[in-house]
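Colleague: No sequence on hand, only this structure:
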């Protein structure tokens, strides 16, 4: 029998809402990096993880990426995902 498909919603501190799904994977957290490039433009990187610890590891990766890619600055957010059937 196939796993039930669910929808996940992340609401970030700035009010941005990200919907994920349908999925059968039990993701618990959403992370987002907003990088300001040297020329003033921005890039956004995001993903979801199965635990808070897994999501926190992305913060270390963001610091490394900032140095390697020459970002002027960046912001990093982690929020818990809310689950729904639709």
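Modeller: Received the coordinates, thanks. Quantities reported herein were computed from a predicted structural model and do not represent experimental measurements. Numbers count the residues shown, from 1 in each chain.
Colleague: Sticking with the residue nearest the centre of the chain, tell me its helix or strand.
Modeller: For the chain, the residue nearest the mean C-alpha position is residue 31 (2.2 Å; Cα atoms, centre = their mean). Residue 31 is part of strand 29-36, with elements assigned from DSSP states H and E.
Colleague: Helices of the protein, residue ranges please.
Modeller: Along the chain, the stretches classed as helices by DSSP state H are 52-69.
Colleague: before we move on, the earlier item: contact partners for the residue nearest to the centre of the chain?
Modeller: 46-49, 55, 58-59, 76-78 (Cβ atoms under 8 Å, 6 or more residues apart in numbering). C-beta coordinates here come from the backbone N, C-alpha and C atoms, glycine included.
Colleague: I'd like the distance from the strand holding residue 31 to the chain centre, please.
Modeller: Computed by Cα atoms, centre = their mean, to the nearest Å, the chain-centroid distance of strand 29-36 equals 5 Å.
Colleague: Next: stretch 40-49.
Modeller: Mean-position distance between stretch 40-49 and its chain equals 8 Å (Cα atoms, centre = their mean).
Colleague: show me what contacts residue 59?
Modeller: The neighbours of residue 59, taking Cβ under 8 Å, 6+ apart as the test, are 31, 76, 78.
Colleague: coming back round to it: list only buried entries from the contacts of residue 31.
Modeller: Among the contacts of residue 31, those that count as buried by neighbour count (16 or more other Cβ atoms under 10 Å) are 46, 48-49, 55, 58, 76-78.
Colleague: So which of those residues is the closest to residue 70?
Modeller: Comparing the buried ones among the contacts of residue 31 against residue 70 with Cβ to Cβ places residue 76 closest, at 17.1 Å.
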